[in-house]
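[1] Coordinates for the following, if possible.
(one chain, ligands or ions: 1)
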Amino acid sequence: MLFLLTILPFTACNQAAKKPQSEEKTINVPFFSVDSAYGFVKKQVDFGPRVPNTAAHVACSQYLSSELKRFGAQVIEQKADLTAFDGTILKAVNIIGSFNPAAETRILLFAHWDSRPWADHDPKPENRKKPVMAANDGASGVGVLLEMARLFGQNKPTVGVDIIFFDAEDYGAPESFSGQSAEDSWCLGTQYWAKNPHIPGYTARYGILLDMVGAPQATFYREQSSDYYAGSVVTKVWSQAQSLGFANYFINQKGGAITDDHIYVNQIMGIPSIDIIQYDPNSGSGFGTYWHTTSDTMDNVDKNTLNAVGTTLMHVIYNER
Ligand SMILES: [Zn+2]
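    Residues are numbered from 1 along each chain as shown. Alright, predicted model coming up:
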């Protein structure tokens, strides 16, 4: 064994020296397995709605953090008691998984993992107090990122990558709430992290948020705040998608302006961050018809859409130097 170990570096150097220059520039992007990503989405849904302060929420948080550890990430569970618009104290957990933790150049990838407690946009009034299963609005983004984490563990990208699953994004005041509620009642986990980052002084080259990235034939437009804070990152991601043949998903046109986790990462942390979020210019809400209804189930998760997003982001990350 000792002998082998001492000759290996020499052999490796020798081979590297013989490589033609063009070969060194070839970037091998690991294959994004959509079956695996789909499985990660389904697994979360199988816990039931991941509403803060429920057993399903606790069980799913443990699952997410153990998966990130299994893939070789350095994991931090950031726990906090967050106060919702109605005074409820939410036992929240932001789950942070870091790859290449020592690398100075870092990319931040994030999604919210909690489920909305009320399907307040359900067409049937009797369903509006039921929780949302959040297959799309939660689990889809996390599922894509878990598959990417699995691949990062096998084949480290050049840059450092931090994946954050934010909690308590979707506990914002419902339509029926008559009390005073601010726009800031959403994205509580992200607001907390942005004011208390897991590493003091944390920063990243840019951030990408995934939200509702699994619906059949979903369309992702250039979200307006993303363009305002990080237009070059939007262009980078949308061009990459286009070159991979996903232009029918990533529409290179102006979309809506959405209050989402990326706003606080931009405004408080100063990390230029974009939101890949389904936008339907023809629907009343701008989102899919399943949004904040009891129909946000696995029936509305499509492998082709997950693949378009996951494959695009794999190319974006592995092209970073
Ligand atoms: Zn939502």
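
[2] and Ala134, what is it in contact with?
    If you count contacts by C-beta atoms under 8 Å, 6 or more residues apart in numbering, Ala134 has them with 45, 49-50, 114-116, 170, 296. For every residue, glycine as well, the C-beta is placed using N, CA and C.

[3] Now the residue of the stretch 151-300 of the chain found nearest the ion. Nearest residue, chain neighbours left out?
    Nearest residue of the stretch 151-300 of the chain to the ion (C-beta to the ion) works out as Asp170 at 4.1 Å. Computed as C-beta to C-beta, 6 or more residues apart in numbering, the closest residue to Asp170 that is not its neighbour in sequence is Arg116, at 3.9 Å.

[4] Quick check: which element contains the one you found?
    Taking DSSP states H and E as the definition, Arg116 sits outside all helices and strands.

[5] So the residue sitting nearest the centre point of the chain: helix, strand or coil?
    Geometric centre of the chain, nearest residue: Ala111, 3.0 Å, by C-alpha atoms, centre = their mean. Three-state call for Ala111 (DSSP: H, G, I helix; E, B strand; the rest coil): strand.

[6] Same question for Thr312.
    helix.

[7] what's stretch 119-130 in contact with?
    118, 131-132, 174-176, 285, 291-296.

[8] would Val41 count as being in a helix?
    Yes. Assignment of Val41 by three-state DSSP places it within a helix.

[9] element containing the closest residue to it other than its chain neighbours, please.
    Leaving aside its chain neighbours, Val41 sits nearest to Gly143 (3.5 Å; criterion: C-beta to C-beta, 6+ apart). Secondary-structure assignment from DSSP H and E places Gly143 in helix 141-154.

[10] I'd say the residue nearest to Asp170 and Thr294 touch.
    No. Using C-beta atoms under 8 Å, Arg116 makes no contact with Thr294, being 10.8 Å away.

[11] hey, what's in contact with both of those two?
    Val132.

[12] Give me the more crowded residue out of these two.
    Comparing Arg116 with Thr294 by other C-beta atoms under 10 Å, the one with more neighbours is Arg116, at 26 against 19.
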